[in-house]
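[1] Sequence first, predicted coordinates after that:
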Amino acid sequence: MDYLFETYSKVLPRIIEDIKVKLKEKDIEVDEKTIRKKAFDSARYLLPASAYTNFAMTTNSQVFRALMCDLLSINITEFKEIASEMQTTLKQVYPCLLAKETCIENKVREEYKNQSNEIKPISLNATNPNNIKIDNYIFENISNNVKLINTTEDADKLIVYNYLLDNGYNTEYKDKEVYLNSKQLNQEEIDKYIKDAYNFDCTGFRPHRALELSRYSFEGIIDFGAWRDLHRNRMLTWISSYISPEFGYQIPVFISKDTIKDYIEAFRKVFAFWVKLVENGFSKEFAQYVCPLGTNAKILYTLNAREVDHVAKTRTTKYAHFSYREFVHSCIKEIKNVHPNIGDNLKDYYEDSLLSFH
């Protein structure tokens, strides 16, 4: 961990200078604060998952109770300590719901935990020169990888039917077709009403709730730094593996060829240590603490078309971090492939360029 922090301190000023050089070459003027922010966005990939982060959480007593039961049921000392501290504080507000008698460890969960310590790296690009070899294992340099694995059948017609129904029209849905005043709608009419549903609330720029009927499940590989930011959106289900070198690692955008050498060497040292931990009996759940934020995880990302609209608007702009901008952009492309009349209404601000400044 000391080596990671040392490399971070060494690499950060280099990245700042690299960005300045690239901006000068492109004749772009940007203030120092913005340059440093972009540099931090790249350098943070070297920070370990065990590095502290400040955050605030607002929720209700039921969620707190479920969270504390989850934390108590995970075999990591820090989680149990956090749960105990939360309970001590919150039982003053919710003395019955969060008492020690009702907020307890779920011992049965241990039976279902994956106890396998077998190391099985995935292989998507075995010839990548930036892959890291540790003993007999190859941990690959994998950028955001997205695959749509499930979606709603006849999503556009379901959306239109419910949109019209909510707005008082005489409409029916039968034999997977939509009828308005007993007349079957053609594809052009369906596309028009889809567009209307997206433009439903012109004041808040929020689409109609009928769009919640179209759901998408993506399987993806994403780095933990982006993972931390993206999973916080509200109307979605995010299920993930542990952070693990088995799913590879990412190289950030704003980094020069000279700096990459130090960057990859840091990952090489940490991945070698991770292998040593796992081969000596430590769980992957525990070993993930040493992994840098640039290490990947495998995720299942499920959300509906209305939430995709929100995620696209907030996570593809030039103000967003480059790692999850690319991930969300890839999700939108997958939606356009299966439901073009839905996907074409999504606001995708992604630009495939190395430099995005505001």
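    Great, that's in hand.
[2] tell me which residues of stretch 250-266 are tucked away?
    Across stretch 250-266, burial judged by 16 or more other Cβ atoms under 10 Å covers 250, 251, 252, 253, 254, 255, 256, 259, 262, 263, 264, 266. Just so you know, the C-beta spots here come from the backbone N, C-alpha and C atoms, and that holds for glycine as well.
[3] Which single one of the residues you listed is nearest to residue 236?
    Comparing those against residue 236 with Cβ to Cβ places residue 250 closest, at 21.8 Å.
[4] Leaving out sequence neighbours, find the closest residue to that closest one.
    residue 223 (4.3 Å; Cβ to Cβ, 6 or more residues apart in numbering).
[5] quick one: which of the buried residues of stretch 250-266 is nearest residue 285?
    For these, the nearest to residue 285 is residue 250 (21.5 Å; Cβ to Cβ).
[6] list the contacts for that closest one?
    By Cβ atoms under 8 Å, 6 or more residues apart in numbering, the contact set of residue 250 is 45, 141, 142, 143, 144, 223, 294, 296, 323.
[7] roughly how far apart are the nearest residue to the fourth one once chain neighbours are set aside and residue 133?
    Leaving aside its chain neighbours, residue 143 sits nearest to residue 250 (5.9 Å; criterion: Cβ to Cβ, 6+ apart). Counting by Cβ to Cβ, to the nearest Å, the gap from residue 250 to residue 133 is 18 Å.
[8] what does residue 249 give?
    According to Cβ to Cβ, residue 249 and residue 133 sit 13 Å apart.
[9] likewise residue 35?
    Distance from residue 35 to residue 133, by Cβ to Cβ: 35 Å.
[10] Who has more neighbours out of these two?
    Between residue 35 and residue 133, residue 35 has the larger neighbour count (other Cβ atoms under 10 Å), namely 18 against 10.
[11] so residue 18 sits right up against residue 256, yeah?
    Yes: taking contacts as Cβ atoms under 8 Å, residue 18 lies within contact range of residue 256: 4.4 Å.
[12] For residue 129, state which of the buried residues of stretch 250-266 is nearest.
    Nearest to residue 129 among the buried residues of stretch 250-266 is residue 264, at 10.0 Å by Cβ to Cβ.
[13] Quick one: residues contacting the closest one.
    Residue 264 is in contact with 130, 132, 251, counting by Cβ under 8 Å, 6+ apart.
[14] which strand residues sit across from the second one in the sheet?
    Each beta-bridge partner of residue 132 is listed here: residue 139, as defined by DSSP bridges.
[15] now swap in residue 239 and tell me
    Beta-bridge partners of residue 239, counted by DSSP bridges, are residue 300.
[16] Just list the residues touching it, thanks.
    By Cβ under 8 Å, 6+ apart, residue 239 lies in contact with 299, 300, 302.
[17] Give the burial count for the closest residue in space to the first one that isn't next to it in sequence, as a bare number.
    In this structure, residue 299 finds its nearest non-sequential neighbour in residue 240, 4.4 Å apart by Cβ to Cβ, 6+ apart. Using other Cβ under 10 Å as the criterion, residue 240 is surrounded by 15 other residues.
[18] so residue 240 sits right up against residue 300, yeah?
    Yes: counting by Cβ under 8 Å, residue 240 does reach residue 300; the two are 7.4 Å apart.
[19] Check which helix or strand the residue nearest to residue 103 when sequence neighbours are not counted maps to.
    Leaving aside its sequence neighbours, residue 103 sits nearest to residue 68 (Cβ to Cβ, 6+ apart; 4.9 Å). According to DSSP states H and E, residue 68 maps onto helix 61-72.
[20] The helix or strand that that helix is followed by vs helix 61-72, what angle?
    As assigned by DSSP H and E, the chain's next helix or strand after helix 61-72 is helix 77-90. The directions of helix 77-90 and helix 61-72 differ by 150 degrees, with axes from the mean of the first three to the mean of the last three Cα atoms, to 10 degrees as the criterion.
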